[in-house]
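1. A structural model of the following input is requested.
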Amino acid sequence: MPSMRARVLLRLFRSRSKGVKTDWTTLAAIHRFREQAEKGAARFGSVPKGITCTSVDVDGRPGEWIRPAAAPADRVILYAHGGGYISGSITDHRGVVAKLARRSGVATLLFEYRLAPEHPFPAAVEDSVRAYRWLLNQGFKPEQILLAGDSAGGGLALVLLLALRQQSIPLPAGAVAISPWTDLLSRGESYVTNAAVCLSPEGTWTAFGDHYAAGQDKGQPLISPLYGDLQGLPPLFITTGGAEVLRDDAIHFADKARQAGVAVTLIVGAGLFHCYPVLAPYFPEATRAMNGICDFIRNQLKISPAS
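-> Next comes the predicted model:
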């Protein structure tokens, strides 16, 4: 059972989303969703003290360096934001990524990829590959880079591993995927069994997947990494909430990766919701998961806790 603090937050979130019905097939609904995400970030997305944020051009796409004061100069996290491939930006994810950068002690490059439906697949994948190549061109070695992302961004981080391997580009030191969206065909049982308790509004994942795939096969690995060949991937750290519809996306991907010989750490937060670790330190389960993520990052990048 979730902790008392987690249950209080869960009741609050559910009361806000109760009864919300939206036609997610329309561009107007997507624009409203984007606006709501930006407004929410303005209220809750503050940057911790000791963090500097610097805009940068990442091969033609907006990017931002989010740096802790004592971050090593030769290590980096490349972060792909969430938002169902139809939303998400630097401004609405700055607070989340700044928290990860501060807790891990690692400079993080948050970049914006093109969004559907204006820019469907493969735009997000192409932009992610360019961001990774940009880091290599800045002098970072693959073993000095770690990928991370949440929700669709978590799935995109896993897709990026497959795309890099496909293009014979050396892989990074590892990847963190928070509630990753790995199966846009929505075949996991949790899409049904958790539908009534998940905080995601009804119909979002199907509609967002339709916008992103734009009539293409949702089962191709660079859209749904669950269906890819996972052999040879670097170590992975995956988290998911036990009460979200994407739960099985994470579990099935972790199981398949392990069967392919990949080192995988999987945390399933019993009774918890989508992307719950980003709410650390507001309840203990989030704090433990975030601590595990940061320990993994430092270990894979070979950074001592004292750095």
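2. please, where are all the helices along the stretch 201-307 of the chain?
-> 204-213, 247-259, 284-300 (DSSP state H, counting those that start in this stretch).
3. I'd like these as CSV, with mean pLDDT, mean neighbour count and distance to P120 appended.
-> For the C-beta atoms, the positions are set from N, CA and C on the backbone; glycine is no exception. As requested, these are exported to CSV (pLDDT from 0 to 100; neighbours: other Cβ atoms under 10 Å; distance: least, Cβ to Cβ, whole Å):
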stretch, mean pLDDT, mean neighbour count, distance to P120
helix 204-213, 96, 21, 6
helix 247-259, 98, 21, 20
helix 284-300, 97, 19, 30
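4. now those helices as a markdown table including distance to A28?
-> Formatted as a markdown table, these follow (distance: least, Cβ to Cβ, whole Å):
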| stretch | distance to A28 |
| --- | --- |
| helix 204-213 | 13 |
| helix 247-259 | 28 |
| helix 284-300 | 33 |
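5. for R32, find the nearest of those helices.
-> helix 204-213 (12.8 Å; Cβ to Cβ).
6. wait, which of the helices of the stretch 201-307 of the chain is closest to G50?
-> Closest to G50 of these is helix 284-300 (Cβ to Cβ; 15.2 Å).
7. how far does that closest one sit from the chain's center?
-> Put simply, helix 284-300 sits 15 Å off its chain's centre (Cα atoms, centre = their mean, to the nearest Å).
8. centroid-nearest residue for the protein?
-> D150 (1.6 Å; Cα atoms, centre = their mean).
9. and it, how far is that from Q166?
-> 24 Å (Cβ to Cβ, to the nearest Å).
10. please apply the same query to Q216.
-> Using Cβ to Cβ, Q216 is found at 17 Å from Q166.
11. and for G60, the neighbour number?
-> 9 (other Cβ atoms under 10 Å).
12. ditto for A28
-> 9.
13. what of T22?
-> Around T22 sit 16 other residues, with neighbours defined as other Cβ under 10 Å.
14. nearest residue to it in space, please, no chain neighbours.
-> Leaving aside its sequence neighbours, T22 sits nearest to A29 (Cβ to Cβ, 6 or more residues apart in numbering; 5.2 Å).
15. just checking, the one you found touches D23?
-> Yes. Using Cβ atoms under 8 Å, A29 is in contact with D23, at 5.8 Å.
16. show me which of the two is the more surrounded one.
-> Remark: of A29 and D23, A29 carries more neighbours, 16 against 9, as counted by other Cβ under 10 Å.
17. for that one, give its distance to P117.
-> 11 Å.
18. where exactly do the strands run in this structure?
-> Along the chain, the stretches classed as strands by DSSP state E are 51-58, 61-68, 76-80, 108-111, 145-150, 174-178, 236-241, 264-269.
19. save these as JSON lines, and put in mean pLDDT and distance to G292 too.
-> Converted to JSON lines, these look like this (pLDDT from 0 to 100; distance: least, Cβ to Cβ, whole Å):
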{"stretch": "strand 51-58", "mean pLDDT": "97", "distance to G292": "21"}
{"stretch": "strand 61-68", "mean pLDDT": "98", "distance to G292": "19"}
{"stretch": "strand 76-80", "mean pLDDT": "98", "distance to G292": "15"}
{"stretch": "strand 108-111", "mean pLDDT": "98", "distance to G292": "17"}
{"stretch": "strand 145-150", "mean pLDDT": "98", "distance to G292": "13"}
{"stretch": "strand 174-178", "mean pLDDT": "98", "distance to G292": "10"}
{"stretch": "strand 236-241", "mean pLDDT": "98", "distance to G292": "7"}
{"stretch": "strand 264-269", "mean pLDDT": "98", "distance to G292": "6"}
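20. among those, which is nearest S190?
-> Taking those one by one with Cβ to Cβ, strand 236-241 is closest: 9.0 Å.
21. quick one: contacts of that closest one?
-> The contact list for strand 236-241, computed with Cβ atoms under 8 Å, 6 or more residues apart in numbering, reads 154, 158, 174-180, 246-247, 249-251, 253-254, 257, 262-269, 271-277, 289, 292-293, 296-297.
22. straight-line length of stretch 134-152, end to end?
-> Here the two ends of stretch 134-152 are set 22 Å apart, with distance taken as Cα to Cα, to the nearest Å.
23. hmm, I was thinking of stretch 238-246
-> The first residue of stretch 238-246 is 12 Å away from its last residue (Cα to Cα).
24. mind checking how far stretch 190-206 is from the chain centre?
-> That offset, for stretch 190-206, works out to 18 Å (Cα atoms, centre = their mean).
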